[in-house]
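**Q** need the 3D shape of this:
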Amino acid sequence: MIREHSGQPDFAGAVLIGGTSRRMGTDKALLASVETGGLSLLRLAADALHGAGAREVIAVGRSETSLSAEDLRVIPDLWAGEGPLGGVVTAMSELDGADLTHVVVLACDLLAPSSTSIRLLLKAAAEHPDHVVVPLVASQHEWLHACWPLLLKDRLEEAFESGVRAPRSLPDLVPVLEVAGIDPATTRDADVPGDLPWTVSDRG
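**A** Numbers count the residues shown, from 1 in each chain. Okay, the predicted model is just below:
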């Protein structure tokens, strides 16, 4: 179903929180600072998804009391510790049948997620509803800032069960549409403390 008033797919959002944050040394999902208005990176991603029109936003990967303040429904990863593709399929499985056509999946460690960037993906998804829509930034695919059609769930699950773990292996298996012109700042993530442009405050 396409929303006639917006020209974009009816979608939900999912933020992947299943990583161990080993290189960061603290839970990346709950990192916050004065520069983020005291909001966690998880909350920034969720707010960007809501701002783009997501019907619902879920967090996928683990369920802990430390996440209770984030006010998000948390879905345990069906394949914990098996990489991000498993988290994508988990999100699609949870949302399948909810009268949605797409899920936009973001990493929990994006420093400046943007509703504007997400809407650019949704616009492309409306025109190519059977494609995974992925930003192409500095010649790199940003798979953890992508729009996934729910109709590909079974094919992605088959790929996962056959051993595929990294989304970068998918272009040979599913239709993929690259979107240029996405603001690089909105897809930038943080893996280690040196990636952070501000002083860390861990709310966990």
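
**Q** mind listing what the spatially most central residue of the chain touches?
**A** Centroid-nearest residue in the chain, with C-alpha atoms, centre = their mean: residue 106, separated by 1.6 Å. The neighbourhood of residue 106, defined by C-beta atoms under 8 Å, 6 or more residues apart in numbering, consists of 13-16, 45, 48-49, 113, 144-145. (Glycine included, C-beta is placed from N, CA and C.)

**Q** how near is residue 43 to residue 145?
**A** Going from residue 43 to residue 145 by C-beta to C-beta, to the nearest Å gives 17 Å.

**Q** between the two, which one's more packed in?
**A** Neighbour count, other C-beta atoms under 10 Å: between residue 43 and residue 145, residue 145 has more, with 26 against 23.

**Q** now do the phi/psi pair for that one.
**A** Note on residue 145: its backbone torsions stand at phi -150, psi 60 [degrees, to the nearest 10].

**Q** list the contacts of it.
**A** Per C-beta under 8 Å, 6+ apart, neighbours of residue 145: 105-107, 110, 113, 117, 121, 134-135, 182, 186-187.

**Q** make a markdown table out of those residues and add distance to residue 150.
**A** Putting the contacts of residue 145 into a markdown table (distance: C-beta to C-beta, whole Å) gives the following:
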| residue | distance to residue 150 |
| --- | --- |
| 105 | 12 |
| 106 | 17 |
| 107 | 20 |
| 110 | 22 |
| 113 | 21 |
| 117 | 21 |
| 121 | 15 |
| 134 | 16 |
| 135 | 20 |
| 182 | 22 |
| 186 | 24 |
| 187 | 23 |
